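Q: Below: sequence and its predicted model.
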Amino acid sequence: MKKYSFHFYALCLSILLFFPLQVFSAADSKASFSQAELDQMVAPIALYPDSLLSQILMASTYPANVSEAVTWSKNNPKQQGDEAVKAVQEKSWDPSVMSLVAFPQVLEMMGKEPDWVQNLGDAFLASPDDVMNTVQSLRRKAKEEGNLETTKEQKIVIEQASPEIIIIEPADPKVVYVPVYNPTVVYGVWWWPAYTPYYYYPPRYGFGSAVVAGIGFGVGVAITNSLWGGCNWRRGDVDINVNRYNNINVNNNRINASNKTTNWTHNNNNRRTPYRDPASQKKYNKQLGDADKRKDYRGRDNRRDTQNALGNTTRDAERQRAQASLKKHGADPVAARKNLSGAGGDQVRNQVNKVDQNRGGLNKSSGLSNNTSRRDNSRTTNLSNNRSTSSSNRSNSLSGIRNQGKSSQNYNRGSRSRGSASRGGRGRR
């Protein structure tokens, strides 16, 4: 018996020791992405020019803005370059999202995979240095495969370091070519079979056939100030070229800085979706995960809602008491309304009409003298006049109570009129 008890307690202890580790592991996986996931999500854009790459990383942290920009770009297919960015300056989007309307093919790619955009932005917010290191790792693989070199569209700069830093720049700073490539080919045989990267091939923008191997380029986009971002590979984040940024963002989004470059900072005011991991939620103070918290951002007033609910409950109770009192005295408003509706109501109205018609026929055949008729008419007229006078007096009395000032003015005006009349009617000239 003691032997079985020992094994039972040992089993319970094992479960207690194992359970917290499992909980911690689940929380940790929620807070960060694995290297396989990072390779998968970064591969489609790792070979983009540094400036364009940096602005895609910034914009991905505002997925709701990106979705709206995708719709705008579809509705304005002829807009691109600096002019497109100027056309959306009145939007409430983050400037990094505005900058991408200069490149319709990029927004088309992001619009086809919104989950990928969300994950990319969450990964960059949670650990930007891991994302930047993954980009450099993928670039080195493409270079080793012979698929990353200087062309008429782009320039490859190698900074000798340990490890080396690969920089990609447009060959012409005023014309940017967006590369297209198959990630499972350009980096060599893909090493995460369960995490195949997203391959986007635009059917338009100057591509004649699918890119089987290497990197292809479509039609270049002429820009002057739309690309103002840059990658700080040593620090593991992205920068902003202040002059170029302010030249294109001419409204309320300008940056006041004396330096030529400044470090990019995520603006949580432009974020309209929940943050993925607890660290980002705490850092940016945007607890938007629960519906009862989201309503507070929509101007909801809990105290006002409670007062309205109490008011509705009180009015309902008063109606019920009134109906109970009427029923107690033999009156049922609900039943009476039902009796006057439909065929029952028509029957009652027909009976009233017949009574009126019989009264009219009796008056015609009665042979009453004209004097009697006139006397009756006179009585009726006098009665009506008396009622009208009484109603008028009551109305005047109520009016006088409501507005004593006006009643006094009317009385004085009447006194002056009577005085004028006594003087020969010369009150008004």
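A: Okay, I see it.

Q: which parts of stretch 237-250 are buried?
A: When burial is assessed from 16 or more other C-beta atoms under 10 Å, stretch 237-250 yields the following buried residues: 237-242, 244-246, 248-249. (C-beta placed from N, C-alpha, C; glycine too.)

Q: no, scratch that, I was asking about stretch 88-96
A: Of the residues in stretch 88-96, those scored as buried under the neighbour-count criterion (16+ other C-beta under 10 Å) are 88, 93-96.

Q: what's in contact with it?
A: For stretch 88-96, the surrounding residues in contact (C-beta atoms under 8 Å, 6 or more residues apart in numbering) are 55, 58-59, 62, 65, 68-69, 72, 98, 101, 229, 245, 249-251, 253, 264, 267, 270.

Q: Give me the helices and strands touching whatever helix or strand Q281 lives in, please.
A: Following DSSP states H and E, the helix or strand that holds Q281 is helix 278-284. When contacts are defined as 3 or more C-beta pairs under 8 Å, 6 or more residues apart in numbering; DSSP states H and E, helix 278-284 sits against helix 2-31, helix 114-126.

Q: now that helix: mean pLDDT?
A: Averaged across helix 278-284, pLDDT comes to 90.

Q: export it as PDB, just CAs?
A: Extracted as PDB, the C-alpha positions of helix 278-284 are listed here (Å, rounded to 0.1, in the frame of the first residue of the first chain):
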ATOM      1  CA  PRO A 278       1.800  41.400 -23.500                       C
ATOM      2  CA  ALA A 279       5.100  43.300 -23.800                       C
ATOM      3  CA  SER A 280       3.900  45.400 -26.700                       C
ATOM      4  CA  GLN A 281       0.600  46.000 -25.000                       C
ATOM      5  CA  LYS A 282       2.300  47.300 -21.900                       C
ATOM      6  CA  LYS A 283       4.800  49.400 -23.900                       C
ATOM      7  CA  TYR A 284       2.300  51.100 -26.000                       C
END
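
Q: Next, I156: secondary structure please.
A: Three states are possible here, and by DSSP: H, G, I helix; E, B strand; the rest coil the one that applies to I156 is strand.

Q: Give the buried residues for stretch 220-228.
A: Buried residues in stretch 220-228, counted by 16+ other C-beta under 10 Å: 220-221, 223, 225-228.

Q: Could you do stretch 272-281 as well?
A: By neighbour count, with 16+ other C-beta under 10 Å as the criterion, the buried positions of stretch 272-281 are 272-277, 280.

Q: what's the answer for stretch 166-183, then?
A: In terms of neighbour count (16+ other C-beta under 10 Å), stretch 166-183 has its buried residues at 166-170, 176-183.

Q: and the two most separated of the buried residues of stretch 88-96?
A: Farthest pair in those (C-beta to C-beta) is V88 and S96. Separation: 12.2 Å.

Q: wait, doesn't T262 sit right on N246?
A: No: with contact defined as C-beta atoms under 8 Å, T262 does not reach N246; the gap is 11.0 Å.

Q: okay, and the common contacts of the two?
A: With contacts taken as C-beta under 8 Å, 6+ apart, the residues that reach both T262 and N246 are I255.

Q: May I see the buried residues of stretch 272-281 arranged in TSV, with distance to Q154 as well?
A: Formatted as TSV, the buried residues of stretch 272-281 follow (distance: C-beta to C-beta, whole Å):
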residue	distance to Q154
R272	35
T273	33
P274	37
Y275	34
R276	33
D277	34
S280	33
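
Q: Now the two most distant members of the residues you listed.
A: When C-beta to C-beta is used, the two most widely separated members of these are R272 and D277, lying 17.6 Å apart.

Q: Can you find the helix or strand of this structure with the lowest average pLDDT?
A: Lowest on mean pLDDT, DSSP states H and E among the helices and strands of the chain sits helix 291-294, with a mean of 41.
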